[in-house]
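Peer 1: Make a model of this:
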Amino acid sequence: MKPDGVQRGLVGEVFNRLEKKGLKLVAAKMMRLDEAVLREHYSHIADKPFFPGVAQFMQSSPVVVSVWEGLEVVQAVRLISGITKARAAEAGSIRGDLAMSVACNVVHASDSVETAAKEIARFFKPEELLEYDKGEYIHVYVAEELE
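Peer 2: Numbering: from 1, shown residues only. This is a model prediction of the structure:
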């Protein structure tokens with residue numbers, strides 16, 4: 001959850017949408033991002049002239065970082081999030097319903113399983129990722145999907 005999502009009180013709304021989809025929350029915390037973390041997280045744009053503005057925005061407020069589990073979870077979260085350019089995102093998506101900006105677009109979503117693994121390690125210690133049975137999975141997946 002980016003600073004705009006925190007400031008606009010959208011944490012519950014976003015978590016609600018992910019839970020309604022059937023995803024399982026396994027870690028969450030509020031934190032402030034320092035320059036070193038931002039340079040690592042945005043390494044693909046850290047040398048671009050607009051990076052200082054991105055860093056300033058991402059440090060303007062705490063963020064909420066979270067980890068979700070589920071089958072094909074990366075694709076599911078990206079679909080629920082909508083495209084980066086929020087004003088063009090599909091209605092029904094988080095960005096399509098709740099944002100208008102490219103930067104102030106409420107959420108970040110990992111773009112691949114590999115990226116997600118790196119991002120999880122960046123923001124969480126292994127012991128912060130909690131394993132538990134989610135009883136409702138019998139109503140989210142059929143048994144064959146969970147094997």
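Peer 1: Tell me, how many residues neighbour Lys134?
Peer 2: Residues near Lys134, counting by other C-beta atoms under 10 Å, number 14. C-beta coordinates here come from the backbone N, C-alpha and C atoms, glycine included.
Peer 1: Strands along this structure, start to end?
Peer 2: 24-31, 63-69 (DSSP state E).
Peer 1: Quick one: closest of those to Asp111.
Peer 2: Asp111 sits nearest to strand 63-69 of all the strands of the chain, at 14.8 Å, using C-beta to C-beta.
Peer 1: Which elements pack onto the closest one?
Peer 2: Strand 63-69 sits against helix 3-7, helix 11-21, strand 24-31, with contacts defined as 3 or more C-beta pairs under 8 Å, 6 or more residues apart in numbering; DSSP states H and E.
Peer 1: Could you rerun that using 6 Å?
Peer 2: Strand 63-69 sits against strand 24-31, with contacts defined as 3 or more C-beta pairs under 6 Å, 6 or more residues apart in numbering; DSSP states H and E.
Peer 1: before we move on, the earlier item: of the strands of the chain, flag the one that's most buried.
Peer 2: Comparing these by mean neighbour count (mean count of other C-beta atoms under 10 Å), strand 63-69 ranks first with a mean of 19.
Peer 1: partners of it in the sheet?
Peer 2: strand 24-31 (antiparallel) (DSSP bridges).
Peer 1: How far off centre is the strand it pairs with?
Peer 2: 10 Å (C-alpha atoms, centre = their mean, to the nearest Å).
Peer 1: Just the residues contacting that strand, thanks.
Peer 2: For strand 24-31, contacts defined as C-beta atoms under 6 Å, 6 or more residues apart in numbering pick out 62, 64, 66-69, 124, 128-130, 134.
Peer 1: how near is Ala91 to Asp97?
Peer 2: Separation of Ala91 from Asp97 (C-beta to C-beta, to the nearest Å): 7 Å.
Peer 1: just to revisit the earlier point, how about the contacts of strand 24-31 in CSV, adding pLDDT?
Peer 2: Compiled in CSV, the contacts of strand 24-31 are given as follows (pLDDT from 0 to 100):
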residue, pLDDT
Pro62, 98
Val64, 98
Ser66, 98
Val67, 98
Trp68, 98
Glu69, 97
Phe124, 98
Glu128, 98
Leu129, 98
Leu130, 98
Lys134, 88
